[in-house]
Structure formats: structure tokens, C-alpha cells
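# Got a sequence here, can you model it:
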Amino acid sequence: MKINLKIILSALLLTGILFPSCGGKKQKESDKLTTDSVLLKETSHLFDDPKKPGCSLDISFAYIKSASNKTLQDSINNKLLSVCFGNEYVGQDPKVAVAAYKIAYIKGYKNDVQQFYLEDQKKNSEEDLNAGWYNYSKDLKSKFTFNQDGVLVCQIDTYDYTGGAHGSYASTFINFDLLTGKQIRLADLFKDGYEKELTRLLLSKLEKQNKVTSEAELEEIGYFITEPLSPTENFYLNDDGFTFYYNVYEIAPYVMGPTKIEISFSDVESLMKDENPASGLY
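Now for the predicted structure:
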């Protein structure tokens, strides 16, 4: 019996047995990652006096310990260092960067507060001095929440208190393309002109979440006092689709907390580019 070699080769190509598919390569990159975290807790008081107000740092910084290539590892870590601590820490070893940030944070706190505290101390008795307002604190916790088919997601939660009634908190999400090490932006995923239709979908989902039927009713609840609704780059990917995350004050007042809106891949598949960094997820 004759065997048609062309037919066999074609079948192997289609099934991906002969040459690995792009999806296979993406999964390979996901499988090769190893991660670690730098942990730091530090408290420092004005004039190095434990009885005086002080600042406290609580950091848990996640980073890539190893990857398929050094360029990929550096690209991801540098982005995380920039977002968490600032551009001046880009290129540093994560442990060195966190240690340097601690020094800079404590120095900045003392420069900002020390003189005002002395002046306040002269004007007021110890009973009248609101020393608590001179306490600062910063919590930064980051973690990798998703790693599949060439997409890596990092969540960064921060809390800052610099005196006053309450501190500020926020969550930032960064999606990485593990073929390039670059952050995935909406423009990488969606076709040109996607904004209007995606905004309509987000608005419809938000109405359903709040059991209303119009944008006007959302405004009555408290939404859009600060800014109108639009697609945010602060989103994260998973198996099902997108979650768009709006921090406090972005589309609603502080008392309402952050807002999450979930959009499935099936909801937006017609808006997405045929080839995009998340194509392996759906």
C-alpha cells in the first residue's frame, strides 16, 4: 500500500506535532518562570526616639527569579520596580532596590515632618499635640496572580498614610506578554476604534451589577462624579476574560470603594485583533 507523504506531512503540521505552535511556545515560557519575594518591615522614629512619632514600612515585593532568558526576566522586573518604587530603581537587583527604597523613604519622612513637629511642639503642650498626625505608614504588597498561555499577571496593592483622617489605597494590575516581556496594553488586544463599543459594554455591565437600567441612575447612586466611564488600562486577564478595576475616586467617591467590571472574551471577541498576546486564553 502506498503512503502519501504529502498528506502525512500536512496532517502533522496542522496538529502541531512536527512544529510546535505559537500557543505551545507561550505555554513553555509560562512554565519556565520561577518567582520570589523581597520582604521588609521597618519602623523609624523622629530623632531616633521610640516615644516620638515615626514611619513604618511593610513591603512584600514579588519579582521574577529566573526565566527562559535574561532579557525577559529583566524586562518584567524593571517594569515592576518602576511601578512600585520609581524609575530611579530600574536596573537594580530587587533586594538592593527595596533596601535603597527603605533608606529613601525614611529620609524623606524625616525631611518632611521633623521641622513641623518641632514647631508644633513649641506651640502646644504634650496633651494638645496631636502626635498621631505625624505618623506615616506605607504598605506595598505585590503578587503574581495568573500565569498561563504566555500571560503573566501581577497585582500590586498599596496603602499610604501621611497624616490626616485616613490613608489612601489602590490596586494596580500589570499583564505581561511572556514572548516579549512587555506590558500588555488595550491597544495590543483590540482593533482600532474599540473604545466606543467597549465603553458601552462596560456601562451595560455596571448597570446590571447595580440593578439599574440607565447611566442617569448610576449617577444618582454616586458614579461618575469625578470622571466619566471609559476603558481603563488597569485591568487583568484570566481564563474567562477581562476584569477592569477602577480605584477609589476614579469613577466613584471614596465611600463607595473600588469598582470591578468583568467582561468575558465572548463579549468582546469581535473587537479583538486576530493575533494578540491573550489569544491563547480563548
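
# Tell me the buried residues in stretch 192-208?
194, 198, 201-203, 205-207 (16 or more other C-beta atoms under 10 Å). The C-beta positions use only the backbone N, C-alpha and C, and glycine is treated the same way.

# How far off centre is it?
Distance of stretch 192-208 from its chain centroid, counting by C-alpha atoms, centre = their mean, to the nearest Å, is 22 Å.

# With stretch 74-89 instead?
Relative to the chain's own centre, stretch 74-89 is displaced by 12 Å; criterion: C-alpha atoms, centre = their mean.

# can you put the buried residues of stretch 192-208 in JSON lines and add pLDDT?
Shown next, in JSON lines, are these (pLDDT from 0 to 100):
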{"residue": "194", "pLDDT": "98"}
{"residue": "198", "pLDDT": "98"}
{"residue": "201", "pLDDT": "98"}
{"residue": "202", "pLDDT": "98"}
{"residue": "203", "pLDDT": "98"}
{"residue": "205", "pLDDT": "98"}
{"residue": "206", "pLDDT": "98"}
{"residue": "207", "pLDDT": "98"}
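
# Pipe the residues you listed into JSON lines and attach secondary structure and distance to residue 101 per row.
Rendered in JSON lines, the data for these read as follows (DSSP: H, G, I helix; E, B strand; the rest coil; distance: C-beta to C-beta, whole Å):
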{"residue": "194", "secondary structure": "coil", "distance to residue 101": "37"}
{"residue": "198", "secondary structure": "helix", "distance to residue 101": "36"}
{"residue": "201", "secondary structure": "helix", "distance to residue 101": "39"}
{"residue": "202", "secondary structure": "helix", "distance to residue 101": "35"}
{"residue": "203", "secondary structure": "helix", "distance to residue 101": "39"}
{"residue": "205", "secondary structure": "helix", "distance to residue 101": "38"}
{"residue": "206", "secondary structure": "helix", "distance to residue 101": "36"}
{"residue": "207", "secondary structure": "helix", "distance to residue 101": "42"}
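
# Farthest pair within the residues you listed?
Comparing all pairs in the buried residues of stretch 192-208 by C-beta to C-beta, the longest separation belongs to 194 and 207, at 20.0 Å.

# ok, back up a step: specify which member of the buried residues of stretch 192-208 is nearest to residue 251.
Within the buried residues of stretch 192-208, the smallest distance to residue 251 is 8.7 Å, found for residue 206 (C-beta to C-beta).
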